[in-house]
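Q: one predicted model, sequence on top.
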Amino acid sequence: MRTDTPWSALPARDHLLAAQADAAGAPVLDVVVPVYNEEKDLEPCVLRLHDHLARTFPYAFRITVADNASTDRTPEVARRLARTLPGVRSHRLEEKGRGRALRTVWSHSDAPVLAYMDVDLSTDLNALLPLVAPLISGHSDLAIGSRLARSSRVVRGTKREFISRAYNIILRSSLAARFSDAQCGFKAIRREVAQRLLPMVEDTGWFFDTELLVLAERAGLRIHEVPVDWVDDPDSTVHIVRTATEDLKGVWRVGRALAVGALPLDRLARPFGDDPRDRGIGGVPRGLARQLVGFCVVGALSTLFYLALYSLFRLGVGPQLANGGALLVSAVANTSANRRLTFGVRGRGGAVRHQAQGLVVFAIGLALTSGSLAALGAASGSPSHSTELAVLIAANLAATVLRFLLFRAWVFPDRDRDRGADADGPAHAPAPRPSAEPADATHAEPADDTHHELRNAR
């Protein structure tokens, strides 16, 4: 995995001002069309796209044809279009790979919003303005077209439909992806995000999109989804089996890197205060509200997992052994989930120590639940299974409160909060994250309190 990204935080999202882009002589939007041996479809695609943008897009734009080492007349067609149409340019690559083409063009573009679409224009172009509007306004970091949204209208064969849905199920189950459609050839990204994210994306082929989205989502960036109208291209040259195989290899590679904490996702963090969840609540220590929500969600899922394990183990062993085994397994899972989701600890550093401390907390929970079961057995002799579960739920609720307090104060203490309390007074006074300018200082946007609405289409 590439890790040579800038260390400073991303700048705060802001509304892109058309006047500033015009003054700099740069387009607001750069739409990349990656092609390989598309001499027949390239010209109709670019003409249609150019006409649509000229009629409907309210800002200056550019169309870049990225030729992936074509061996037919595609380069000649691309150069002719660049000569005859204003705002069209061509870029030739000597190696194949859609991801390689997008990384190359996006990395060198001066447009603040970068997009791409497939040359077959299977996606209705009326979705282009809704796709990029959240990026222009500063609402989102990336935007994707989704063929699997409820309101999307899609025409395609059964085989492709099955493959697409199966692939997204794999992403959700293996990489915990929440976006609905990774493979739709209709995406956009803000340039400052691309500058940080692209060096971390290793794939140069069809898995490029998926890897980009997974890393962005894990880093906490906002991904906007747009329902699209999409008609399958029956003449598509994509090799389904080979592409699916490469995608699965990519899923394994990215999943392994995320599991061992090999990706520096903290380099994609926004400055403190950009996320509404960073805003303090009066009288509540910084981060406590968010941690309580995360802990409750993890705790509810852990309790269900624990009860399912207890019921399973109870089929073969007594209540005490079943309780101990279920609590041990669920405690390890609970500590791991709270470490990452509730207290925001990434990477492998301190993981063993955290699990050891979590086991101490587990021992306290075991004492509470085991003592409750022992007291129940002494009081009623042979209680029913439902009574055992009720007592265990009550005991776990008490153990949960104690677990949160121990996790927050002992296992995952906020060192920055503690230092801030010692030096500056109350612990709830938020210490802002260090903000930073974009990696390319020439692309930095001056601060401006005036936010313009997205202009009406011409």
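A: That came in fine, so what should we check first?
Q: C-alpha only now, for contacts and for neighbours.
A: Will do.
Q: list the buried residues of the helix of greatest length in the chain.
A: Longest helix of the chain, by residue count under DSSP state H: helix 351-380. Residues 354-355, 357-359, 361-363, 365-366, 368-370, 372-373, 376 are the ones in helix 351-380 that count as buried (16 or more other Cα atoms under 10 Å).
Q: who's in contact with the helix or strand following that helix?
A: As assigned by DSSP states H and E, the chain's next helix or strand after helix 351-380 is helix 385-406. The contact list for helix 385-406, computed with Cα atoms under 8 Å, 6 or more residues apart in numbering, reads 295, 299, 307, 361, 364, 365, 368, 369, 372, 373, 376.
Q: quick one: mean pLDDT over helix 385-406.
A: Mean per-residue pLDDT for helix 385-406: 81.
Q: stretch 316-326 too?
A: Averaging pLDDT along stretch 316-326 yields 85.
Q: and the buried residues of helix 351-380, which is closest to residue 52?
A: Minimum distance to residue 52 across these is 55.8 Å, recorded for residue 354 (Cα to Cα).
Q: thought that closest one was touching residue 410?
A: No - at 9.5 Å, residue 354 does not count as touching residue 410 under the criterion of Cα atoms under 8 Å.
Q: need the contact list for the residue nearest to the spatial centre of the chain.
A: The residue lying closest to the centre of the chain (Cα atoms, centre = their mean) is residue 217, at 0.9 Å. Counting by Cα under 8 Å, 6+ apart, residue 217 touches 177, 223.
Q: state the pLDDT value of it.
A: 92.
Q: repeat that for residue 445.
A: pLDDT, residue 445: 40.
Q: what about the helices in the protein?
A: With DSSP H as the criterion, the chain has helices spanning 18-24, 42-56, 74-84, 98-108, 128-137, 158-175, 191-197, 208-218, 240-259, 288-313, 319-337, 351-380, 385-406, 415-424.
Q: now render those as JSON lines, adding distance to residue 10.
A: Below are these laid out as JSON lines (distance: least, Cα to Cα, whole Å):
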{"stretch": "helix 18-24", "distance to residue 10": "20"}
{"stretch": "helix 42-56", "distance to residue 10": "30"}
{"stretch": "helix 74-84", "distance to residue 10": "34"}
{"stretch": "helix 98-108", "distance to residue 10": "16"}
{"stretch": "helix 128-137", "distance to residue 10": "15"}
{"stretch": "helix 158-175", "distance to residue 10": "24"}
{"stretch": "helix 191-197", "distance to residue 10": "7"}
{"stretch": "helix 208-218", "distance to residue 10": "12"}
{"stretch": "helix 240-259", "distance to residue 10": "21"}
{"stretch": "helix 288-313", "distance to residue 10": "22"}
{"stretch": "helix 319-337", "distance to residue 10": "26"}
{"stretch": "helix 351-380", "distance to residue 10": "27"}
{"stretch": "helix 385-406", "distance to residue 10": "32"}
{"stretch": "helix 415-424", "distance to residue 10": "20"}
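Q: lowest average pLDDT across those helices?
A: Averaging pLDDT over each of these puts helix 415-424 lowest, since it has a mean of 44.
Q: and the residue of the chain positioned farthest from its centre, what does it touch?
A: Here the chain reaches farthest from its C-alpha mean at residue 381, the gap being 52.5 Å by Cα atoms, centre = their mean. Contact analysis of residue 381 by Cα under 8 Å, 6+ apart lists nothing.
Q: check the gap between it and residue 407 for me.
A: 36 Å (Cα to Cα, to the nearest Å).
Q: ditto for residue 111
A: Taken as Cα to Cα, the span from residue 111 to residue 407 is 45 Å.
Q: for residue 298, same thing?
A: Distance from residue 298 to residue 407, by Cα to Cα: 13 Å.
Q: count the residues that sit near residue 389.
A: 15 (other Cα atoms under 10 Å).
Q: just to revisit the earlier point, adding distance to residue 208, write the contacts of helix 385-406 out as a markdown table.
A: Converted to a markdown table, these look like this (distance: Cα to Cα, whole Å):
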| residue | distance to residue 208 |
| --- | --- |
| 295 | 33 |
| 299 | 35 |
| 307 | 40 |
| 361 | 42 |
| 364 | 46 |
| 365 | 45 |
| 368 | 49 |
| 369 | 48 |
| 372 | 53 |
| 373 | 53 |
| 376 | 57 |
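Q: quick check: the farthest pair among those?
A: Of all pairs in these, the most separated under Cα to Cα is 295 and 376 at 28.5 Å.
Q: just to revisit the earlier point, which single one of the contacts of helix 385-406 is nearest to residue 207?
A: residue 295 (33.5 Å).
Q: so the closest one makes contact with residue 339?
A: No - the criterion here is Cα under 8 Å, and residue 295 misses it with residue 339 at 9.9 Å.
Q: settle it for me: which of the two has more neighbours?
A: When neighbours are counted by other Cα under 10 Å, residue 295 and residue 339 differ, and residue 295 comes out ahead with 23 against 20.
Q: mind listing what that one touches?
A: 338, 342, 404.
Q: any idea which of those residues has the most stuff around it?
A: Busiest of the contacts of residue 295 [other Cα under 10 Å] is residue 342, holding 24 neighbours.
Q: isn't that residue right up against residue 294?
A: Yes - at 4.8 Å, residue 342 counts as touching residue 294 under the criterion of Cα under 8 Å.
Q: the residue nearest to residue 182 when sequence neighbours are not counted: neighbour count?
A: Once flanking residues are discounted, residue 182 sits nearest to residue 210: 5.3 Å by Cα to Cα, 6 or more residues apart in numbering. Counted by other Cα under 10 Å, the residues lying close to residue 210 total 23.
Q: any idea how far residue 210 lies from residue 251?
A: Counting by Cα to Cα, the gap from residue 210 to residue 251 is 9 Å.
Q: and residue 226, by the same measure?
A: For residue 226, the distance to residue 251 - Cα to Cα - is 24 Å.
Q: then residue 114?
A: Distance check for residue 114 against residue 251: by Cα to Cα, it reads 25 Å.
Q: go on, residue 332?
A: 25 Å.
Q: more crowded one of the two?
A: Between residue 332 and residue 251, counted using other Cα under 10 Å, residue 251 has the larger neighbour count: 20 against 17.
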